[in-house]
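**Q** Build the 3D model from these lines:
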Amino acid sequence: MSAIPTYDADQLTGMLAILPDVDSVELKLTVPDDFQRTAVRTLGIDPLDAVLRQVAFVDTPDLRLSTAGVVLRARRTQRKPADLTVKLRPAMPQDVPDGYRGHAGFKVELDASPAGYTCSCSLTVEAPDRRVRKLMLGDRGIHGLLDDDQRALLGERWPEGVQADDLVVLGPINLIKCRFRAKGYRRRMVAELWGLPDGSRILELSTKAPPEQAFQAAAETKAVLAGKGLDLGSPQETKTRAALAALTAGDGAPGDQ
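**A** Numbering: from 1, shown residues only. Just a heads-up that it's a prediction; the model follows:
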């Protein structure tokens, strides 16, 4: 196993400057494909505790929204309402548009992995599952599903020249999500296994902590995962970036539902 990665002084300084103004911190680790089965067994993750989800993204075929720092996501969850999210990433706390702080469903979050960190803001609202299913099937557009505040947030980074008719549904991707507690670790963790169109899989482990507990949570998480043999120095990739790349390449091109 490679050495446990450590942030350098500049990274730590940047994090310390942001932490007082974020709502939460999410610590993430992508597990290499050849170690996923071992990780599930070692951490005591029970697949029968998992729930099914579907995730789709809305973007142009050449990902102009993503390039502009916008994620437009639709999500269905087994036995729960669906939801829609508009996310700006990266987005520093000082860049949050006026009037959003305190809004139900809005958050400013810092995501940290062994490879580095990023800050984003997002607004999520529930939506009727049947309508989101129609969106994923290509039977309706997304703008009528977004509320006024989401459309305003989307407008903060809407790429010049992009029209609503340029948008396509990318996905859906099927995944399973499982909450668990690893032996010897007091924090609740989440495992998400995404099956991508190219046949590859992404297993992401994560846990959340309030900003004031971020460093303690990071130290505890690194210790328990490294102690169970997980390689914290393995290449890291966000689920969204990997999913968008797979959905716009080869057989995962837009329109393949």
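
**Q** just the strands in this protein please.
**A** Ranges of strands within the chain are 24-31, 51-59, 70-77, 82-88, 106-113, 116-127, 168-180, 189-195, 201-209, based on DSSP state E.

**Q** Look up how far V190 lies from the residue of the chain most remote from its centre.
**A** Here the centre of the chain is the reference, and by C-alpha atoms, centre = their mean the most remote residue is G161, at 27.0 Å. Computed as C-beta to C-beta, to the nearest Å, the G161 to V190 distance reads 38 Å. For every residue, glycine as well, the C-beta is placed using N, CA and C.

**Q** Mind putting the strands of the chain into JSON lines with distance to D149, mean pLDDT and mean neighbour count?
**A** Formatted as JSON lines, the strands of the chain follow (distance: least, C-beta to C-beta, whole Å; pLDDT from 0 to 100; neighbours: other C-beta atoms under 10 Å):
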{"stretch": "strand 24-31", "distance to D149": "20", "mean pLDDT": "96", "mean neighbour count": "21"}
{"stretch": "strand 51-59", "distance to D149": "17", "mean pLDDT": "98", "mean neighbour count": "20"}
{"stretch": "strand 70-77", "distance to D149": "14", "mean pLDDT": "98", "mean neighbour count": "21"}
{"stretch": "strand 82-88", "distance to D149": "9", "mean pLDDT": "98", "mean neighbour count": "21"}
{"stretch": "strand 106-113", "distance to D149": "8", "mean pLDDT": "96", "mean neighbour count": "20"}
{"stretch": "strand 116-127", "distance to D149": "6", "mean pLDDT": "96", "mean neighbour count": "19"}
{"stretch": "strand 168-180", "distance to D149": "22", "mean pLDDT": "97", "mean neighbour count": "19"}
{"stretch": "strand 189-195", "distance to D149": "27", "mean pLDDT": "97", "mean neighbour count": "19"}
{"stretch": "strand 201-209", "distance to D149": "24", "mean pLDDT": "96", "mean neighbour count": "19"}
